[in-house]
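**Student:** one predicted model, sequence on top.
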Amino acid sequence: MSKSTRRLKIAFVSVAVALAGLAAAGPAAAAPAMPAAATAQAQQSAVPVDFVDLPTTALVADGARHEVTVTYRNDSAADRTVAPQILVESPDAGPFLTPSDVVVEQRTAHGCWRPVETASQTGTLFTDLTNAQRTLHAGETLTQVYRITVVNADAVGTVQPRVALY
């Protein structure tokens with residue numbers, strides 16, 4: 001075997017090993033590193049900078065489905081990331097609500113209803129902000145309709161729709 005053939009084989013094996021290592025590392029290894037400023041901006045946009053509270057309504061424990069509409073208009077000249085959210089607040093003195101006390105649904109763009117999970121913290125049920133985020137262009141209006149059904153006849157509370165601003 002000549003020197004050039006051996007070198008060619010070594011070069012080929014080196015390339016194959018490098019490609020196998022890159023494939024095993026996944027797409028993250030092939031992606032360019034994000035600058036520190038972009039990373040900080042992405043982390044900052046993950047946390048709301050403000051909330052717009054909309055009018056509250058009483059939580060009606062009659063077993064019927066009650067619609068709640070969250071509407072927000074982006075009056076700024078720039079695009080804005082927003083997320084509609086429903087809070088179901090327990091009375092200050094308790095009893096505290098649990099996610100099994102209510103069913104929250106969201107109307108899809110096709111007019112169907114899909115279930116929305118709620119989490120609980122200190123007696124307040126709330127819908128997730130992360131999956132609800134969307135970008136509103138300047139002058140655009142967000143309208144999101146929710147449906148709340150109380151399944152525990154003893155449940156008492158207040159429904160507080162709001163919009164998180166990023």
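**Tutor:** Received the coordinates, thanks. Numbering: from 1, shown residues only.

**Student:** quickly list what residue 68 is bridged to.
**Tutor:** residue 146 (DSSP bridges).

**Student:** my guess is it contacts residue 149. True?
**Tutor:** No - the pair residue 68 / residue 149 is not scored as a contact, 11.4 Å apart, by C-beta atoms under 8 Å. Using the backbone N, CA and C atoms, a C-beta is placed for each residue, glycine as well.

**Student:** neighbour count winner among the two?
**Tutor:** Taking other C-beta atoms under 10 Å, residue 68 and residue 149 do not tie; residue 68 has more neighbours (20 against 15).

**Student:** got the contact list for that one?
**Tutor:** Shown in contact with residue 68 (C-beta atoms under 8 Å, 6 or more residues apart in numbering): 57, 86, 145-148, 159, 161.

**Student:** now do it against residue 47, distance only.
**Tutor:** Going from residue 68 to residue 47 by C-beta to C-beta, to the nearest Å gives 25 Å.

**Student:** adding pLDDT, write the contacts of residue 68 out as a markdown table.
**Tutor:** Output for the contacts of residue 68, formatted as a markdown table (pLDDT from 0 to 100):
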| residue | pLDDT |
| --- | --- |
| 57 | 95 |
| 86 | 97 |
| 145 | 98 |
| 146 | 98 |
| 147 | 97 |
| 148 | 97 |
| 159 | 97 |
| 161 | 97 |
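
**Student:** show me which of the residues you listed is closest to residue 121.
**Tutor:** residue 86 (14.0 Å; C-beta to C-beta).

**Student:** ok, what's across the strand from that closest one?
**Tutor:** residue 161.

**Student:** run a quick neighbour tally on the residue nearest to residue 94 when sequence neighbours are not counted.
**Tutor:** Distances taken as C-beta to C-beta, 6 or more residues apart in numbering place residue 123 nearest to residue 94, at 6.9 Å, with adjacent residues excluded. Close neighbours of residue 123, defined as other C-beta under 10 Å, add up to 17.

**Student:** now do the helices in this structure.
**Tutor:** Assigned by DSSP state H, the helices in the chain fall at 3-25, 27-30, 36-45.

**Student:** list the residues that contact the residue nearest to residue 90 when sequence neighbours are not counted.
**Tutor:** Using C-beta to C-beta, 6+ apart and skipping residues adjacent in sequence, the residue nearest residue 90 is residue 123, 3.6 Å away. By C-beta under 8 Å, 6+ apart, the contact list for residue 123 reads 89-90, 94, 96-97.
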